[in-house]
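J.: Here is a sequence together with a model predicted from it:
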Amino acid sequence: MGEIWKGAPVAAALCASLTGRISALRAAGVEPALAILRAGERGDDIAYENGAVKRCEKLGIAVRRVRLPDDCTKEEVLKAIRQVNADDGIHGCLLLRPLADRAAEEAACETLLPEKDVDGITPGSLAGVFAGGGRGYPPCTAQACMEVLDYYGCDPAGRRAAVIGRSLVIGRPVSMLLQRRNATVTMCHSRTADLPAVCRQTEILVAAAGQSGLVDAGFLAPGQVVLDVGINVGPEGGLQGDVDFQGAIRTAGAVTPVPGGVGAVTTAVLAKHVVEAAERTLSCGP
């Protein structure tokens, strides 16, 4: 039986590492602050917003909620983004997506300052992920994968990894983060020939396809580390990952559960990015 790598201890350790940094910021007269922009009343957006608020406020990070109607116009969205950009008291911004108006969403991503983009949605942030450095931050869920590996002592260097999914939210960014840590990465997708065989040849597997139960025993190898990033609603309304967990735990060396795995680390990473953004304002100050 493989190990179950839960996200709660990872998030707790990450938050514990932030408390001293937040205290130092406050001593320097800086109160780290996050703006959360939400359009409409989608249940999943509200749940994530509430989780982020709870995490941040517990750490001492101020949160400002900006709510827009579901049918908000592009101009309304951009006005809110520009206000965030202009407010020196806001260090990070989380735009909950998708927006009903895709043109408004794209314009918002292009308008938000990369240095306030704590969830890797702007072209500037993504350029930093792919080129290294930059002013922005990786998407929180992609970075959460790396935090899980680090916490449980899995060094990607020299290991073979496969990432199923090529979105800009998880698949492509986590692939680049793994490569930056010297893993040899294969990016997989719906056109990958003999996908199970490709995945069996790897030591780290990140499942981010958005397809419930896609990864079964045929994808897995003994000792493999499996990070399940899929969030799918099952037939009875519960959350399910992309991985057949019961099958995986019998074969793989370690598996993250859904819920309670990588997703549980995401808001802690968000808080970390806000703290880093606030610290940068000190280093860039007069």
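T.: Looks like it came in fine. Being a predicted model, the structure only gives us computed values, none of them experimental.
J.: got the residue ranges for the helices in the stretch 51-200 of the chain?
T.: 74-86, 102-111, 123-131, 140-151, 171-180, 195-200 (DSSP state H, counting those that start in this stretch).
J.: Could you single out the most deeply buried of these?
T.: helix 140-151 (a mean of 24; mean count of other Cβ atoms under 10 Å). Any C-beta I mention is one placed from the backbone N, CA and C, and that applies to glycine too.
J.: ok so, going back, go through the helices of the stretch 51-200 of the chain and find the least confident stretch.
T.: Mean pLDDT values for the helices of the stretch 51-200 of the chain show the minimum at helix 123-131, a mean of 92.
J.: Show the secondary-structure elements that it is packed against.
T.: Helix 123-131 sits against helix 171-180, with contacts defined as 3 or more Cβ pairs under 8 Å, 6 or more residues apart in numbering; DSSP states H and E.
J.: Between helix 140-151 and the helix it packs on, find me the angle.
T.: Here helix 171-180 runs at an angle of 30 degrees relative to helix 140-151 (axes from the mean of the first three to the mean of the last three Cα atoms, to 10 degrees).
J.: now for helix 171-180, which elements pack on it?
T.: Checking 3+ Cβ pairs under 8 Å, 6+ apart, helix 171-180 ends up next to helix 123-131, helix 140-151, strand 160-164, strand 184-188, strand 204-207.
J.: List the neighbours of it that are in contact with it.
T.: 120, 126, 129-130, 132, 138-139, 142-143, 145-146, 156, 161, 163-166, 185, 187, 189, 204, 206, 208, 229 (Cβ atoms under 8 Å, 6 or more residues apart in numbering).
J.: Pull the CA coordinates from it and hand them back as PDB.
T.: Extracted in PDB, the C-alpha atoms of helix 171-180 (Å, rounded to 0.1, in the frame of the first residue of the first chain):
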ATOM      1  CA  GLY A 171      -0.500  21.600 -16.800                       C
ATOM      2  CA  ARG A 172       2.000  23.800 -18.600                       C
ATOM      3  CA  PRO A 173       3.100  25.800 -15.500                       C
ATOM      4  CA  VAL A 174       3.700  22.700 -13.300                       C
ATOM      5  CA  SER A 175       5.600  21.200 -16.200                       C
ATOM      6  CA  MET A 176       7.900  24.200 -16.300                       C
ATOM      7  CA  LEU A 177       8.300  24.200 -12.500                       C
ATOM      8  CA  LEU A 178       9.300  20.600 -12.600                       C
ATOM      9  CA  GLN A 179      11.800  21.200 -15.300                       C
ATOM     10  CA  ARG A 180      13.200  24.200 -13.400                       C
END
